[in-house]
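>>> Sequence plus predicted model, see below.
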Amino acid sequence: MFSNKMEFKETFLRRLEMTCGKSFAESTKRDQYDTLGNMIREYVSLNWIETKEKNRVAKNKQVYYLSIEFLLGRLLRHNLINLKIDQVVSEGLAELGIHLDEIEDVEVDAALGNGGLGRLAACFLDSLASLNLPGHGCGIRYKHGLFEQKIVDGYQVELPEQWLRHGHVWEVRKADLSIEVPFWGKVEVSEENGRMIFRHVNAEMITAVPYDMPVVGYETETVNTLRLWNAEPSPYPINRDIMQYKRETESVSEFLYPDDTHDEGKILRLKQQYFLVSASIRSIVRSYRKQYGSLVDFHQHISIHINDTHPVLAIPELMRILIDEEQLSWDEAWHITLNTISYTNHTTLAEALEKWPIRIFQPLLPRIYMIVNEINERFCKNLWDLYPGDWNRIEEMAIIAHDQIKMAHLALVGSHSVNGVAELHTEILKKREMKNFYEVYPEKFNNKTNGITHRRWLIKSNPKLTDLICDAIGNDWIHKPELLEKLEAFKEDSVFLNQMFLIKKLNKELLAKRIQDQTGIVVDTSSIFDIQVKRLHAYKRQLLNILHIMHLYNRLKEDSSFNMYPRTFIFGAKASPGYYYAKKIIKLINTVAEKVNNDASINGKLKVVFLENYRVSLAEDIFPAADVSEQISTASKEASGTGNMKFMMNGALTVGTLDGANIEIKDRVGDENIFIFGLKAEEVLNYYQHGGYRSMEYYHHDKRIRKVVDQLTNGFFEGVEDEFEAIYDSLLMQNDHYFVLRDFASYIQIQRDVDTAYKNQQKWLQMSLMNIAKSGYFSSDRTIEQYAKEIWSIKPVGQFTTS
Ligand code: RUG
């Protein structure tokens, strides 16, 4: 299509005029973005077709990653970088008087996910393609992604997100590959030639139409596929109100559930789950049959991974196909299913473990229910053989109990691999949360510590640091991120450290400008940028952070000799719309910000910023500018965290608890390059089990605590006296479930240590350097290589590169 700048410009101009019907001079930024995006998508289409063909001919085993969320963000620049044409394109555009950044800003984030789980899926896709691994994503093409957050008078307000309003250049609609997904109706059972036959009749069909997006690997010809399913009406049933049927059908792919950890318990959610699973598996099976005919060796060629329990119906759906359509015996079908499916658990929070009442499940998915029931009966029978008479244990482990279906139990029983997402998390699964299952299936359990793609989170988002690293240690680290360790050699190199300092300063200036544009707040770029960005949840303890800020403010007000290095505390967080408590915390942060930022008497020593609508594209500006990364969840609660890795890779130092992957970050950077505080997971879990914590005692014995807690309700925040009662109550009346007060003193102390450390600039930069140098382990390339080898048994397809 183009191989140099001249050709690019010619093609771009010609395409712009042809597709928009306007001259270049008349064209808008959107016209330019659409033209460029379409050009790039077409640019990769040959490799896309060839990748499919190569996999087919070589009969490579392929993995399908089923996820209810893919938090992709923007794709234009990322694809340009992976194709290594970003320079040609940006220079070519510049000669036409266009700045690539401006075109990039036209692209709306594809926000088909809530947070860590969805972003992990997106990072995995990038690593799969970049490692030439045959792995594809299957998800839902939500019409509205994660809601847009506005902050109005300090409160979160949600607006529907509209990423498809102007179309999406990266997708290709493939209506001819649609799949019909049945709901409701009933199952007719008959016997034919000694075989039970199950027919799902009177079902209401929803058409799943695939939209495929190319997933472009870095410096490789591999282009994998992300297939997103859109729900559309089937040929209209004659006996239904047409408009109502249309609405009901389309609602299946209308909204992403704005929920990170709570089970909404809605029929629609279950419909979405089966819709995703059924469409994906039927389409996988359809192309498999075309190539191989029979399904008896399915598991030798196909691996299906379920990202959390949301797609767990993959297990009964595959069983259904193998038994009802392929006419295999139960045992044969079970063998294939078990060896095909693998499962990742992302949380131990009880409220996030999905359960479905039979009264909802059975009528909606009658045949699937029968199969789940059978799986449960067989499983319980096995348990009875293992633990004769131990009814309690069997009841606890059953897939169906008390009129509910426990999705995690189904996943544990029906998959050959169960992994946690960080070492601590996996240990907690094995020793506590899933102890009984670990006893029965020890061989299934394994750990795969999460990772992030360094291509987006370093190369794309921090180009200056990337250049500095390349100048220092060459380019090999891009393909082998563990080679970032070579940076350690620059620890005593003051020129290098100074360049690091200047880059951080520039990145802080860029973020400061964004803050000013968005909020009007002017921040001091020589202050410490201390940042907490993630979903708002009680266990993530944004509350601890903001109470500490109140404490600092109190100190500055009370004691004129109190000396602290100026700090800018930055927050970004969306709260699930129905999560009352989380929304109160947002209001509290904004209320503190208002008070502190407008108090001239503290001489700008403290600033508090809440950046609204935290999302992938904003995150790309935030991580490179951070000095301090707040990873302060109640130990044992954060399965892994991935923001912690993005901060570290950009040279921020972690203030964190020994939770999730923080522990592995500490293990790699060493105690001297991280700030650890607070209770350990064992201690927290023991408190939960045996009691012994009384938050009131901490309140009474520590006047710093008493002061900030009282300020929540004593009129300190004028005009909003009643606003924070729920927070006050959670800390004192409900005994502070997340140990905010218990960890408060230790948090104050570690923040003092941060203050002292920052004053020694050389030392700080060395610590920062060590974090970057040790971050290679947290590339999702490492994670995906482990999944590929230890779970999926897939191999790279050729090692061709374009350069
Ligand atoms: O809360 C977890 C994070 O700790 C983790 O890093 C991320 C990716 O593994 O998944 C998050 N998560 C868990 N998101 N949703 C859930 C529960 O469904």
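Happy to help now that I have it. Since the structure is predicted, the reported quantities are computational estimates derived from the model, not experimental observations. Residues are numbered from 1 along each chain as shown.
>>> and the single nearest residue of the chain relative to the ligand, what pLDDT?
Closest residue of the chain to the ligand, C-beta to the nearest ligand atom: Gly116 (3.0 Å). Every residue, glycine included, has its C-beta placed from N, CA and C. On pLDDT, Gly116 comes in at 98.
>>> That one contacts His346, doesn't it?
Yes: under the criterion of C-beta atoms under 8 Å, Gly116 makes contact with His346 at 7.5 Å.
>>> Pick out whichever of those two has more residues nearby.
Each of Gly116 and His346 has its neighbours counted (other C-beta atoms under 10 Å); Gly116 has more, 24 against 21.
>>> any idea how far Ser342 is from that one?
Distance from Gly116 to Ser342, counting by C-beta to C-beta, to the nearest Å: 19 Å.
>>> so who does Ile503 touch?
Shown in contact with Ile503 (C-beta atoms under 8 Å, 6 or more residues apart in numbering): 462, 464-465, 468.
>>> now with 10 Å?
Going by C-beta atoms under 10 Å, 6 or more residues apart in numbering, Ile503 touches 462-468, 624, 650-651.
>>> Could you give me the buried positions within the strand or helix carrying it?
If you go by DSSP states H and E, Ile503 is part of helix 494-519. Burial within helix 494-519, assessed by neighbour count using 16 or more other C-beta atoms under 10 Å, is assigned to 496-497, 499-501, 503-504, 507-508, 511-512, 515, 519.
>>> following that helix, which helix or strand shows up next?
Counting by DSSP H and E, what follows helix 494-519 is strand 528-533.
>>> quick one on the thing from earlier: correct me if wrong: the residue of the chain closest to the ligand contacts Ala619.
No: between Gly116 and Ala619 there is no contact under C-beta atoms under 10 Å: 11.7 Å.
>>> Now do the shared contacts for the two.
With C-beta under 10 Å, 6+ apart, Gly116 and Ala619 have common neighbours 534, 643.
>>> Need phi/psi at Glu42.
Phi and psi for Glu42, reported as degrees, to the nearest 10, are phi -70, psi -30.
>>> Quick check: closest non-adjacent residue to it.
Met1 (6.7 Å; C-beta to C-beta, 6 or more residues apart in numbering).
>>> Around that neighbour, how many other residues sit close by?
Residue crowding around Met1 was assessed by other C-beta under 10 Å; the count is 14.
>>> which residues touch the least confident helix or strand in the chain by mean pLDDT?
For the chain, counting by mean pLDDT, DSSP states H and E, helix 242-250 ranks last in confidence among helices and strands (a mean of 90). Residues from elsewhere that reach helix 242-250 (C-beta under 10 Å, 6+ apart): 143, 183, 204-207, 230-234, 236-237, 239-241, 254, 268, 271.
>>> any idea how far that helix is from the chain center?
From the chain centre to the centre of helix 242-250 is a distance of 31 Å (C-alpha atoms, centre = their mean, to the nearest Å).
>>> quick one: contacts for Met18?
Here Met18 is in contact with Thr35 (C-beta under 10 Å, 6+ apart).
>>> and the helix or strand in which it is found, which residues are buried?
Assessed by DSSP H and E, Met18 sits inside helix 5-20. Of the residues in helix 5-20, those with enough neighbours to count as buried (16+ other C-beta under 10 Å) are 5, 8-9, 11-13, 15-17, 20.
>>> on that earlier part again, how close does the residue nearest to Glu42 get to Pro624?
Remark: distance between Met1 and Pro624 (C-beta to C-beta) = 32 Å.
>>> quick one: the helices in the stretch 151-300 of the chain?
Ranges of helices in the stretch 151-300 of the chain, per DSSP state H, counting those that start in this stretch, are 242-250, 267-292, 298-301.
>>> Over to the stretch 401-550 of the chain?
For the stretch 401-550 of the chain, the helices defined by DSSP H, counting those that start in this stretch occupy 407-414, 423-428, 435-440, 454, 463-473, 476-479, 494-519, 542-558.
>>> As JSON lines, those helices with distance to Ile336 would be great.
JSON lines is the format used below for the helices of the stretch 401-550 of the chain (distance: least, C-beta to C-beta, whole Å):
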{"stretch": "helix 407-414", "distance to Ile336": "11"}
{"stretch": "helix 423-428", "distance to Ile336": "27"}
{"stretch": "helix 435-440", "distance to Ile336": "21"}
{"stretch": "helix 454", "distance to Ile336": "37"}
{"stretch": "helix 463-473", "distance to Ile336": "45"}
{"stretch": "helix 476-479", "distance to Ile336": "36"}
{"stretch": "helix 494-519", "distance to Ile336": "51"}
{"stretch": "helix 542-558", "distance to Ile336": "46"}
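>>> Which of the ones you listed sits closest to Glu377?
When these are compared by C-beta to C-beta, helix 407-414 sits nearest Glu377, at 11.5 Å.
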